[in-house]
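# predicted model and sequence follow; I will ask about them next.
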Amino acid sequence: MSTIASGKNGTWRNWAGNVTAHPVREVTPASVDELSAAVRRAAEDGLTVKAVGTGHSFTATAATDGVLIRPQLLTGIRGIDRAAGTVTVEAGTPLKRLNAALAREGLSLTNMGDIMEQTVSGATSTGTHGTGRESASLAAQITALELMTADGSVLTCSAKENPDVFAAARVGIGALGIITAITFAVEPLFLLTAREEPMPLDRVLTEFDELWAENEHFEFYWFPHTGNTNTKRNNRSAGPERPVGRLSGWFEDEFLSNGVFQAVNWVGRALPATIPSIARLSSRALSARTYTDIPYRVFTSPRRVRFVEMEYAVPREALVETLRELRAMVDRSPLRVSFPVEVRTAPADDITLSTASGRESAYIAVHMFRGTPYQAYFTAAERILTAHGGRPHWGKVHTQDAEYFAGIYPRFGEFTALRDRLDPDRRFGNDYLRRVLGT
């Protein structure tokens, strides 16, 4: 997966290519002091400021026509506190670098998402998550953070210091300021045994509560136009370490899941009528496998086929009914969907605008191959997901606005009041934030 792309004439594009922006200038600060100077200068010039990581969000949360901050020099581990079980890391550090560095130190995050190209600040600010029965999102693993506010000063936030800011800024969608450093809870490096196997969708839905309860991490992918899924169960293991073999890993994770999948999506985009047949073949391509490895090698996987994505969190108890409605919608429609639907879960957390705030959640993510019209599919899926009280992922395609969010987030007003205090002039604002948070 590549990172952000800049086109000619100062055009910025996100990874999926569905968002573009035209900043007046770009700044790559090498220190917090340089970042502060850039924010103060933007205020003097009457410009907005947005920090952009790898551009992996499918929304315009980081887009700006003002000053674009690139944080690639604000990287690295500041310090490890083994007694406290924490690591403090600069905000522009890519997750893949953090994961590898922690492993070298014999440490690991407890849970993580399924890709690791994003910066730590971009991933947490938009609510990136993996799947877990008890272990929550990346943001829920934050114990402290530093936030640069609109006047260029830095607030240190934790459960004890500026706790109201801490409650909100862990998933701040770039509205409260620019994160300069994050402290994560970590633990001694451990092993996970992954069991991946095909399973009929009807069985997964019938046994979902048991599959969720029996596994620390359970997720599955349903292939539209079929009754087939691929399931994945990750549980802690005493070992020994038995990683995926180099040849078999290349064949399944690179050749099949990326190379062949890319090719069949090209065919499906050109000839939509072939997609149901392709889906049936794709759903049977991967065989069952079991392996044991360190966490980031189990949780994450390469994603080289570009797509556009919508994801909603619904109450966990509503998952089965919601997915059955989604399947029925696809089956009775003329839609042709070549990407699987991804389903994961998360426990409730206490972050103001986390999609799992205050409730156990199940995530349903729908995708379309980049360059394929996705609006009809996403519109129909969104109608089903919102009917079940769904909360859209802050970094993925959705059409909701501040009125909707005020109705599904009990603490929405708490967040907007804090924004009014920290950024009254909307130095960190943009069109996306005006839509989802109000003026």
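Looks like it came in fine. Numbering: from 1, shown residues only.

# wait, is Leu102 part of a helix?
Yes. Judged by DSSP: H, G, I helix; E, B strand; the rest coil, Leu102 forms part of a helix.

# didn't it look like it was pressed against Ser108?
Yes. Contact criterion C-beta atoms under 8 Å: Leu102 and Ser108 qualify, at 5.6 Å. In short, each C-beta sits where N, CA and C put it, glycine included.

# shared neighbours of these two, anything?
Shared contacts of Leu102 and Ser108 (C-beta atoms under 8 Å, 6 or more residues apart in numbering): Val186, Leu189.

# hey, where'd the helices end up in the stretch 1-150 of the chain?
Remark: helices assigned in the stretch 1-150 of the chain by DSSP state H, counting those that start in this stretch are 32-44, 95-104, 120-125.

# in CSV, list these along with distance to Leu201.
Shown next, in CSV, are the helices of the stretch 1-150 of the chain (distance: least, C-beta to C-beta, whole Å):
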stretch, distance to Leu201
helix 32-44, 48
helix 95-104, 31
helix 120-125, 30
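
# so of those, which one's packed in deepest?
The highest average neighbour count among these, using mean count of other C-beta atoms under 10 Å, belongs to helix 120-125 at a mean of 28.

# how far away from the center of its chain is it?
Average the C-alpha atoms of helix 120-125, do the same for its chain, and the two points are 9 Å apart (C-alpha atoms, centre = their mean, to the nearest Å).

# next: stretch 140-160.
Using C-alpha atoms, centre = their mean, the offset of stretch 140-160 from its chain centre is 21 Å.

# state the mean pLDDT of that stretch.
Averaging pLDDT along stretch 140-160 yields 98.

# okay, Ser2: pLDDT?
pLDDT recorded at Ser2 is 34.

# can you check Leu256 too?
Note on Leu256: pLDDT of 60.

# show the contacting residues for the residue most central in space within the chain.
Centre of the chain computed as the mean C-alpha position; nearest residue by C-alpha atoms, centre = their mean is Thr128, 3.1 Å away. With contact set as C-beta under 8 Å, 6+ apart, Thr128 has these partners: Gly113, Gln118, Ser137, Leu138, Ala139, Gly395.

# with Thr61 instead?
Contacts of Thr61 (C-beta under 8 Å, 6+ apart): Ser125, Thr126, Ile173, Gly174, Trp394, Gly395, Asn430, Tyr432, Leu433.

# neighbour-wise, which of these leads?
Across the contacts of Thr61, neighbour numbers were computed from other C-beta atoms under 10 Å; Ser125 holds the maximum, 32 neighbours.

# measure that one to Ile179 for me?
For Ser125, the distance to Ile179 (C-beta to C-beta, to the nearest Å) stands at 7 Å.

# give me the common contacts of those two.
Counting by C-beta under 8 Å, 6+ apart, the shared contacts of Ser125 and Ile179 are Gly172.

# coming back round to it: nearest to Ser153, out of the helices of the stretch 1-150 of the chain?
Nearest to Ser153, of all the helices of the stretch 1-150 of the chain, is helix 32-44, at 7.5 Å by C-beta to C-beta.

# which helices and strands sit right next to that closest one?
strand 25-27, strand 49-51, strand 67-69, strand 142-148, strand 178-185 (3 or more C-beta pairs under 8 Å, 6 or more residues apart in numbering; DSSP states H and E).

# now these as a markdown table including mean neighbour count?
Converted to a markdown table, these look like this (neighbours: other C-beta atoms under 10 Å):
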| stretch | mean neighbour count |
| --- | --- |
| strand 25-27 | 16 |
| strand 49-51 | 28 |
| strand 67-69 | 24 |
| strand 142-148 | 23 |
| strand 178-185 | 24 |
